[in-house]
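S.K.: can you look at this prediction? I've put the sequence above it.
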Amino acid sequence: MPIKNKLTTELTSILMLLCAVAVSFLSVHVFIVPSNFAPSGIEGISMILYEITGINIGWFKLAFNIPLLIVAWICLNKRYVIYVVAFVVLDALGVILMEQIGFFTFVPAGLTAGDAMGYRLISAMVAGVALGICTGLMLRIGCSTGGVDIIACLVSMKKPNFHVERVISVICYGVILCSYFVYRDLTSILLSCIQIFVFEWTAASLLRKDRYAVEVKIITKKPEEIRDEILYKYRHSATILEATGMYTGDTYSMVITVLDSRNMQAFMSSMKAHTDTFIYFTDGVKVQGEYHFGLTESERMDAY
């Protein structure tokens, strides 16, 4: 990949990271903290501990993510971890700073429970949209917001057949269930459910086309050069067919594989190094059966 294109890609990724960070800490401080409910993931655990101790949730987000990031550095892609570290640190510092300067919060202080209910409901919905946008931006650059996403990725490495999003959902709803024993308020639980529903809907809407598979056909004379990338980096298999050019009569190999849409930008960029390769793909194909495959531990480490 040319250095200029790589720099452009990374600069775009950094800008999207900064936007995601700003959306995240503002939504947490402005909408979630004053509304007294636990959102999904690490934010939910941090809110529960904030309710108990009064310590800013930014410190708890750092404390929970540091050990996960250490394990992730050992096991996962280094670029992924670097971006997640940047997000986690800036996000936590942003939440801490917002409290220190007394930044605006959406729910006014001193309201009765009845009067505050409307504000809390709006807060749950807006926070769900905001955090969904944040997650969508991070996934667009091939990263995540840390926390349970890291746990899910690590689980997925050990159990390739596990669905990552299913793992995340189980953890998030578990956090919300536990929050009842702190808030002792059914309304807080319902607000949490509204927030996570809006969050999932927003993230899915932003990534809708990324939730389908892409059929990729590669015409090349050197299929072995792209073998390792398909097998180990993207953890997919492929089928190789012999092909003959109709005009020239030259013989080629046609590599047919199915990839996740979210990987396509990185895959197409890496294929630019193979100048004699012709690629075309069909977006949104339906897949029946398992098109991922498991790797041994040594193969995973080699891939990363």
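M.R.: Cool, got the structure. Numbering: from 1, shown residues only.
S.K.: counting by contacts, list what whatever helix or strand M138 lives in packs against.
M.R.: Here M138 sits within helix 113-140, counting by DSSP states H and E. Applying 3 or more C-beta pairs under 8 Å, 6 or more residues apart in numbering; DSSP states H and E, we find helix 113-140 packed against helix 3-27, helix 186-206. Glycine gets a C-beta too; all of them are placed from N, C-alpha and C.
S.K.: single out the most deeply packed of those.
M.R.: Highest mean neighbour count among the helices and strands packed on helix 113-140 (mean count of other C-beta atoms under 10 Å): helix 186-206, with a mean of 19.
S.K.: C-alpha coordinates for it, PDB please?
M.R.: The C-alpha coordinates for helix 186-206 follow below in PDB (Å, rounded to 0.1, in the frame of the first residue of the first chain):
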ATOM      1  CA  LEU A 186     -37.200  -0.800  38.400                       C
ATOM      2  CA  THR A 187     -37.300   2.500  36.500                       C
ATOM      3  CA  SER A 188     -33.500   2.500  36.300                       C
ATOM      4  CA  ILE A 189     -33.500  -1.000  34.900                       C
ATOM      5  CA  LEU A 190     -36.100   0.000  32.200                       C
ATOM      6  CA  LEU A 191     -34.000   3.000  31.300                       C
ATOM      7  CA  SER A 192     -31.000   0.800  30.900                       C
ATOM      8  CA  CYS A 193     -32.900  -1.600  28.600                       C
ATOM      9  CA  ILE A 194     -34.100   1.400  26.500                       C
ATOM     10  CA  GLN A 195     -30.600   2.700  26.300                       C
ATOM     11  CA  ILE A 196     -29.100  -0.600  25.200                       C
ATOM     12  CA  PHE A 197     -31.900  -1.200  22.700                       C
ATOM     13  CA  VAL A 198     -31.400   2.200  21.100                       C
ATOM     14  CA  PHE A 199     -27.700   1.700  21.200                       C
ATOM     15  CA  GLU A 200     -27.900  -1.700  19.300                       C
ATOM     16  CA  TRP A 201     -30.300  -0.300  16.800                       C
ATOM     17  CA  THR A 202     -28.200   2.700  16.100                       C
ATOM     18  CA  ALA A 203     -24.900   0.800  15.700                       C
ATOM     19  CA  ALA A 204     -26.700  -1.800  13.500                       C
ATOM     20  CA  SER A 205     -28.100   1.000  11.300                       C
ATOM     21  CA  LEU A 206     -24.700   2.600  10.800                       C
END
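S.K.: who touches stretch 94-113?
M.R.: 21-22, 24-26, 28-31, 33-35, 56-59, 61, 116, 119-120, 122-123, 126 (C-beta atoms under 8 Å, 6 or more residues apart in numbering).
S.K.: now with 7 Å, please.
M.R.: Contacts to stretch 94-113, defined as C-beta atoms under 7 Å, 6 or more residues apart in numbering, come from residues 21, 25, 28-31, 33-35, 56-58, 116, 119-120, 123.
S.K.: ok, longest strand in the chain?
M.R.: Ordering each strand of the chain by length in residues (DSSP state E) puts strand 251-260 first.
S.K.: list the buried residues in the following helix or strand past it.
M.R.: Scanning forward in sequence from strand 251-260 by DSSP H and E, the next helix or strand is helix 264-271. Going by neighbour count (16 or more other C-beta atoms under 10 Å), the buried part of helix 264-271 is 264, 266-267, 271.
S.K.: okay, the residue positioned nearest the centre of the chain: pLDDT?
M.R.: Closest residue to the average C-alpha location of the chain: S144 at 3.5 Å, with C-alpha atoms, centre = their mean. Per-residue pLDDT puts S144 at 87.
S.K.: check contacts around the spatially closest residue to it that is not a sequence neighbour.
M.R.: Distances taken as C-beta to C-beta, 6 or more residues apart in numbering put M138 closest to S144, at 5.4 Å, once the chain neighbours are dropped. Counting by C-beta under 7 Å, 6+ apart, M138 touches 20, 87, 144-145.
S.K.: ok, of those residues, which one's closest to A243?
M.R.: Of all the contacts of M138, S144 has the smallest distance to A243: 38.6 Å, by C-beta to C-beta.
S.K.: what's the spacing between that closest one and V88?
M.R.: Distance check for S144 against V88: by C-beta to C-beta, to the nearest Å, it reads 10 Å.
S.K.: what sits up against stretch 34-52?
M.R.: 28, 32, 56-57, 60-61, 64-65, 105-107, 120, 123-124, 127, 131, 146-148, 172, 175-176, 178-179, 182-183, 188, 191-192, 195-196, 199.
S.K.: recalculate using a threshold of 6 Å.
M.R.: By C-beta atoms under 6 Å, 6 or more residues apart in numbering, the surrounding residues in contact with stretch 34-52 are 32, 57, 60-61, 64, 105, 107, 120, 123, 147-148, 172, 175, 179, 182, 188, 191-192, 195-196.
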